[in-house]
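Participant: Turn this into a model:
(one chain, ligands or ions: 1)
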Amino acid sequence: MTERLLLQGGTVYDGLGGPGRVADVAVVGGRVVAVGGELPAGLRRLDCRDLGVAPGFVDTHAHSDLVHLLDQPQPFKLLQGVTTEVVGNCGLGFAPLDAASAEVAGTLWSSLAGGVGIEPAGFGELADRLDRAGPANNLALLVGHGTVRLTANGLEERLSPGAADRMASLAAEAFRAGAVGLSSGLIYVPGSYADTGELVALARVAASYGGVYATHLRDEGAHLAAALDEAVTIAGSAGARLQVSHCKAAGRAAHGMAGLLLDRLAAARLDGIDAQGDQYPYDAGATVLSALLPPAVAAGGTEAMLARLRDPAARAALRAQAERGGIGDGAWVEADPADVLLTGHRDTGLAGRTLAEAAGARDPWDTLCELVADDPAATIVVRLMREDDVRAIMASPLVGVGSDNVPTTGLGHPRTWGCFPRLLGRYVRELGVLSWEQAIRKATWLGARQFRLDGRGLLVEGAVADLCVFDPATVGHGGTYLDPDTGVTGIPHVVLAGDLVVEDGRFTGRRSGRVLRGNGAAARPGR
Ligand SMILES: [Zn+2]
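Facilitator: Residues are numbered from 1 along each chain as shown. Have a look, this model is predicted:
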């Protein structure tokens, strides 16, 4: 039920970067019908004096795909002011999956499922299921390269005859069902097995439906430059827009490379490629523990992987590869075992301990292999970035905001609960890295534009009434790596397509979100 609302007396930010100005905002029929000026009568008033009124935040990089299928609504993003999440990132979507690929995904990616069973489903089928379930916030779905590769070719490194065509047709089907882009995760199996040409072919499919190419680069450490070049080549050859996911300079060898990353994005734009990125405002990332291993570990399937991890000779060979630290050799050389915090593992007693602590007097590499063998979907929070790089990337107008949240049932990363409030509280109010206008533009329009979420991410007359009301004096999140899931402060109201879904900081219980379909869906016969 959409309401007739008047958000009165707040400082309004348009999301485009324009200066904040005090104005009343009128919402009728799910749309913003006035910003200042002539206002309709008979509206329910919300006092917004001393508060900011912004477009609802767009989380361009989320992994909340399946948690919205849970019986209980999941408002952890809504409470941060996020009204739309882009999911299916890092090549790891949950459709299209057949019986065989769903089983593999259930082994490797279950930590991304948040306790929901991974079942075979076509892309449109999953989108419809999510729509029917009623997500707490809107979802826009990417089709994952890793997912279509898994379904077309299993965990084999080489593509079998016909697999490339099968991948392209699965991707096209996803776009016709409303995918907004193609994602890749080039450190995760099986995405990491792809060469550049394979990715160009699929990005072409994305481009033909107006979709973006969003990529977790093949390397975010010492080989960042080469990995960025590959991403730009893929987008450029395919004629697709480019979104570089969770921009960072990861590991000691890459510290200080923030400028290089931003220069590459700017250079791509000079070459006519619509390139930008997203970032989460933290010095630690979160991923699966297995990302520290060379992807070759999983070649041939999960049974083969487990056998390798338990075989001393295979372990030694993997270690030699990991320590080479070349592109595609895994993230082992980037991470100090003392900076790897175990957050989710079948052995729940490990949560909150570092890999170094878990190893004790034993060798950390052997401990890593054993822990992955015991639970291939185990998760970590890993400190990889230097704060000056984080701030330099944040200051760029070409980089928006993506939480990269993993809906883990374990300890988790504070970004799941506090990414957007932290950006505003810590980096705008406390540190002044960004102005309010800049931060809000990055959190709204910048992402909505790149993912073509039409009518969203900006607060002007006629826009969809997705709104976030925040208190500039108190907005923030106190979550830490050891105590991540604390509550948000300073986000009193959130409006989703005219529904007041957060009121006085509390979720009202309405599951008002829906799946936002990309332009490819419009071309579908019968729609
Ligand atoms: Zn990623």
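Participant: can you list the residues of the stretch 101-250 of the chain near the ion?
Facilitator: residue 216 (Cβ under 5 Å from the ion). From N, CA and C alone the C-beta is placed, and that goes for glycine too.
Participant: hey, what's whatever residue of the stretch 101-250 of the chain ends up closest to the ion bridged with?
Facilitator: Of all residues in the stretch 101-250 of the chain, residue 216 sits closest to the ion, at 3.5 Å by Cβ to the ion. As for beta bridges, residue 216 partners with residue 185 under DSSP bridges.
Participant: Now do the contacts for it.
Facilitator: Residue 216 makes contacts with 89-91, 183-188, 245-246, as judged by Cβ atoms under 8 Å, 6 or more residues apart in numbering.
Participant: Show me which positions of the host helix or strand of residue 371 end up buried.
Facilitator: In this structure, residue 371 is located in helix 364-374 according to DSSP states H and E. Buried residues in helix 364-374, counted by 16 or more other Cβ atoms under 10 Å: 364-365, 367-369, 371-373.
Participant: tell me what it is packed against?
Facilitator: Counting contacts by 3 or more Cβ pairs under 8 Å, 6 or more residues apart in numbering; DSSP states H and E, helix 364-374 packs against helix 302-310, helix 312-324, helix 355-359.
Participant: Please enumerate residues in contact with the shortest one?
Facilitator: By that I understand helix 355-359. 336-338, 340, 342, 350, 364, 366-368, 371, 380.
Participant: tell me which residues in it are buried?
Facilitator: With burial defined by 16+ other Cβ under 10 Å, the residues of helix 355-359 counted as buried are 355, 358-359.
Participant: and what of the longest one?
Facilitator: By neighbour count, with 16+ other Cβ under 10 Å as the criterion, the buried positions of helix 312-324 are 314-315, 318-319, 321-322.
Participant: Give me the angle between it and helix 364-374.
Facilitator: Here helix 312-324 runs at an angle of 120 degrees relative to helix 364-374 (axes from the mean of the first three to the mean of the last three Cα atoms, to 10 degrees).
Participant: before we move on, back to that, which ones among the contacts of residue 216 are found in strands?
Facilitator: 183-185 (DSSP state E).
Participant: Confirm for me that residue 448 is in contact with residue 86.
Facilitator: No. Using Cβ atoms under 8 Å, residue 448 is not in contact with residue 86; the gap is 9.7 Å.
Participant: Need the overlap of contacts for these two.
Facilitator: Shared contacts of residue 448 and residue 86 (Cβ under 8 Å, 6+ apart): residue 58.
Participant: hang on, the earlier thing: can you narrow the buried residues of helix 312-324 to ones near the ion?
Facilitator: Near the ion, taking Cβ under 5 Å from the ion as the test, no member of those is found.
Participant: Give the buried residues for the helix or strand of the chain with the lowest mean pLDDT.
Facilitator: Of all helical and strand segments in the chain, the minimum by mean pLDDT, DSSP states H and E falls on helix 519-522, at a mean of 78. Buried residues in helix 519-522, counted by 16+ other Cβ under 10 Å: 520-521.
Participant: residues in contact with it?
Facilitator: For helix 519-522, the external contacting residues (Cβ under 8 Å, 6+ apart) are 175-179, 209-211, 452, 527.
Participant: change it to 10 Å
Facilitator: 124, 127, 172-180, 205-206, 208-211, 452, 454, 515, 527 (Cβ atoms under 10 Å, 6 or more residues apart in numbering).
Participant: cool, stretch 37-44 as well?
Facilitator: Contacts for stretch 37-44 (Cβ under 10 Å, 6+ apart): 3-8, 23-28, 33-34, 461, 500.
Participant: Kindly recompute the last result at 7 Å.
Facilitator: Residues outside stretch 37-44 that contact it (Cβ atoms under 7 Å, 6 or more residues apart in numbering): 3-6, 24, 26, 28, 33.
Participant: quick one: which of those residues is most hemmed in?
Facilitator: residue 26 (24 neighbours; other Cβ atoms under 10 Å).
Participant: Which residue is the nearest non-sequential neighbour of it?
Facilitator: Once flanking residues are discounted, residue 26 sits nearest to residue 34: 4.1 Å by Cβ to Cβ, 6 or more residues apart in numbering.
Participant: Distance-wise, check residue 176 relative to residue 140.
Facilitator: 15 Å (Cβ to Cβ, to the nearest Å).
Participant: So which of these two has more stuff around it?
Facilitator: residue 140 (28 against 20).
Participant: Just the mean pLDDT for the host helix or strand of the more buried one, thanks.
Facilitator: Using DSSP H and E, residue 140 falls within strand 138-144. Averaged over strand 138-144, pLDDT sits at 98.
Participant: go on, stretch 115-124?
Facilitator: Averaged over stretch 115-124, pLDDT sits at 96.
Participant: Stretch 316-325 too?
Facilitator: Here the average pLDDT along stretch 316-325 is 94.
Participant: again, but for stretch 284-295
Facilitator: Here the average pLDDT along stretch 284-295 is 93.
Participant: Pull the distance from it to the chain's centre.
Facilitator: 16 Å (Cα atoms, centre = their mean, to the nearest Å).
Participant: Quote the end-to-end distance of it.
Facilitator: One end of stretch 284-295 sits 22 Å from the other (Cα to Cα, to the nearest Å).
Participant: can you list contacts of it?
Facilitator: For stretch 284-295, the surrounding residues in contact (Cβ under 7 Å, 6+ apart) are 111, 187-189, 192-193, 246, 248, 318, 321-322, 328-332, 335, 343, 368, 371-372, 376-384, 406, 413, 481.
Participant: Quick check, pLDDT for whatever residue of the stretch 351-500 of the chain ends up closest to the ion.
Facilitator: Residue nearest to the ion within the stretch 351-500 of the chain: residue 404 (6.1 Å; Cβ to the ion). With respect to pLDDT, residue 404 scores 96.
Participant: about what we covered before: check the buried residues of helix 312-324 against the ion and report the nearest one.
Facilitator: Each of the buried residues of helix 312-324 was checked against the ion using Cβ to the ion; the closest is residue 322, at 19.1 Å.
Participant: quick one on the thing from earlier: make CSV from the contacts of helix 355-359 and add distance to the ion and pLDDT to it.
Facilitator: Output for the contacts of helix 355-359, formatted as CSV (distance: Cβ to the ion, whole Å; pLDDT from 0 to 100):
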residue, distance to the ion, pLDDT
336, 20, 93
337, 21, 96
338, 23, 96
340, 17, 96
342, 19, 96
350, 23, 95
364, 23, 96
366, 27, 96
367, 24, 97
368, 20, 97
371, 21, 97
380, 13, 93
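Participant: Now for these: which two are most distant?
Facilitator: Pairwise distances across these (Cβ to Cβ) peak at 17.7 Å, for the pair 336 and 350.
Participant: Between those two, which has more neighbouring residues?
Facilitator: Ranked by neighbour count (other Cβ under 10 Å), residue 336 and residue 350 place residue 350 first, with 23 against 16.
Participant: I figured that one hits residue 340, correct?
Facilitator: No. Counting by Cβ atoms under 7 Å, residue 350 stays clear of residue 340, with 11.3 Å between them.
Participant: on that earlier part again, any of the contacts of helix 519-522 buried? List them.
Facilitator: The neighbour count (16+ other Cβ under 10 Å) marks 124, 127, 172-180, 205-206, 209-211, 452, 515 as buried among the contacts of helix 519-522.
Participant: what about stretch 102-117, how long is it end to end?
Facilitator: Terminal residues of stretch 102-117 lie 10 Å apart, using Cα to Cα.
Participant: Residues contacting it, please?
Facilitator: Stretch 102-117 is contacted by residues 63, 66-67, 69-70, 92, 94, 97, 118-120, 150, 155, 288, 302, 344, 376-377, 379, 406-409 when judged by Cβ under 7 Å, 6+ apart.
Participant: Now intersect those residues with the strands, please.
Facilitator: Among the contacts of stretch 102-117, DSSP E puts 288, 344, 379 in strands.
Participant: Highest neighbour count among these?
Facilitator: Of all the ones in strands among the contacts of stretch 102-117, the most densely surrounded is residue 379 (26 neighbours; neighbours counted as other Cβ under 10 Å).
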